[in-house]
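Student: Sequence and predicted model, in that order:
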Amino acid sequence: MKPDKVFYEPAALNYELGKQLKEKFKNVDWLPIENHNNIEQLRKNPNKEFPSMKRHLIIGVRKSLKYVPNHKVSDFLVPYTSSGCSAMCLYCYLVCNYNKCSYLRLFVNREQMMEKLLKTANNSSKDLTFEIGSNSDLVLENTITGNLEWTIENFSKSKKGFLTFPTKFHMIKPLLCLNHRGKIIARISVNPEEIIRKVEFGTSPLKARVRALNQMSEAGYKVGMLIAPVVLLGNWQKLYSELIEYLADELSPRTKEQLFIEIIFMTYSFVHRAINQEAFPQALDLYDQTLMTGRGRGKYCYKTEARAAGEHFLREELARKLKGIPIIYVV
């Protein structure tokens, strides 16, 4: 990512990472802000400015370090070194949290966050798993900050615990030579190439993601795979059948030996529709009234029968083509 502007909290420059980023992007305009969560001039922008706002970089200090219990792949969701993203997936759940301001925020107080991770892990009576990538894509962030490399190197010194993160990107080469000591669970998110191309703007192609998954596995990392989000386009059976066949052909034997699968069906919202219609007027409309129903205020999910049909189809295809690989949950 090459930002066109950097909005920053002045206190961020008191941290080593903040100073490094100031030097790295010294040829870009730096604009001081009071709070990374409330940049009024950006918040007031019309929805059509969404793509251009994704070119901005916001740098601040993370205040809240509260862990949220989780019972899927991890024990806790951990606020970590970034939130938001420079990609523009049409369904992005971060838009529900940040609306059009779902641009990439970087937090420079990584030592404080790592200290809490290590303390929590080592004081526990059992090995805990911490999800550090629920608010951003750390592989993408790493291309700017090197934070994921720094994180793996530092957490590998922990006596207990594991870290996990999902990604839609393939830029994992800097991670392959690290001494991770088996403490990292890398999870690659996949979708049919047509959906990646038409819906997941700015992310890595399927082929590159699968290659990255195999490379991480060969480097000794624990690996998982998300089929996420499942998008029920008109030809979804064909698309997902072809995806699973491709995975069966391209995943390495070592990857298949340890892989687990998560399946997440797409949720959507009024906010997504409003932004997408103005920012991407030629893009697919992901809202399908025949398949979707309301889910809370302004949100949509697939109707029970549509979701059940999708789950049944995916389970059957996976059982046939990737036999023995566990599906740990479907939501």
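Tutor: Structure's in. What do you need? Numbering: from 1, shown residues only.
Student: Return the helix or strand in this protein with minimum mean pLDDT.
Tutor: Here the helix or strand of the chain ranked lowest by mean pLDDT, DSSP states H and E is helix 94-98, holding a mean of 90.
Student: residues touching Asn99, list them.
Tutor: The contact partners of Asn99, taken as Cβ atoms under 8 Å, 6 or more residues apart in numbering, are 271, 275. All C-beta spots, glycine's among them, are computed from the backbone N, C-alpha and C.
Student: Kindly recompute the last result at 7 Å.
Tutor: Going by Cβ atoms under 7 Å, 6 or more residues apart in numbering, Asn99 touches Val271.
Student: Same check on His36?
Tutor: With Cβ under 7 Å, 6+ apart, His36 has these contacts: 9, 58, 60, 105.
Student: Just confirm Ala186 is within a helix.
Tutor: No. According to DSSP: H, G, I helix; E, B strand; the rest coil, the state of Ala186 is strand, so it is not within a helix.
Student: Find me the pLDDT at it, would you?
Tutor: In this model, Ala186 is scored at 98, pLDDT.
Student: number of nearby residues for it?
Tutor: When counting by other Cβ atoms under 10 Å, one arrives at 28 neighbours for Ala186.
Student: correct me, but it touches Ser217?
Tutor: No. The criterion here is Cβ atoms under 7 Å, and Ala186 misses it with Ser217 at 8.6 Å.
Student: any residues in contact with both of those two?
Tutor: With Cβ under 7 Å, 6+ apart as the test, Ala186 and Ser217 both reach Val223.
Student: mind listing the helices for the stretch 51-200 of the chain?
Tutor: Here the stretch 51-200 of the chain has its helices, by DSSP state H, counting those that start in this stretch, at 94-98, 110-122, 138-145, 147-155, 193-199.
Student: Turn these into CSV, including mean neighbour count and distance to Arg320.
Tutor: Converted to CSV, the helices of the stretch 51-200 of the chain look like this (neighbours: other Cβ atoms under 10 Å; distance: least, Cβ to Cβ, whole Å):
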stretch, mean neighbour count, distance to Arg320
helix 94-98, 18, 34
helix 110-122, 16, 39
helix 138-145, 22, 31
helix 147-155, 19, 35
helix 193-199, 18, 21
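Student: residues making contact with the least confident helix or strand of the chain?
Tutor: Under the contact criterion Cβ under 7 Å, 6+ apart, helix 94-98 has outside partners 84-85, 102, 269, 271-272, 275.
Student: and if you look at stretch 45-62?
Tutor: Applying Cβ under 7 Å, 6+ apart, the contact partners of stretch 45-62 are 3-9, 11-12, 18, 21, 36, 42, 79, 86, 88, 100, 103-109, 113, 274-275, 278-279.
Student: and Met113, what is it in contact with?
Tutor: Contacts for Met113 (Cβ under 7 Å, 6+ apart) come out as 62, 65, 80-81.
Student: from those residues, which two are the most distant?
Tutor: Comparing all pairs in the contacts of Met113 by Cβ to Cβ, the longest separation belongs to Leu65 and Thr81, at 11.6 Å.
Student: Specify which residue of those two has the higher count of neighbours.
Tutor: The residue with more neighbours, out of Leu65 and Thr81, is Thr81; 26 against 14, by other Cβ under 10 Å.
Student: Roughly how far does the closest residue in space to that one that isn't next to it in sequence sit from Leu175?
Tutor: Of all residues not flanking Thr81 in the chain, Asn147 sits nearest, at 4.6 Å (Cβ to Cβ, 6 or more residues apart in numbering). Per Cβ to Cβ, to the nearest Å, Asn147 is found 12 Å from Leu175.
Student: Cool, thanks, talk later.
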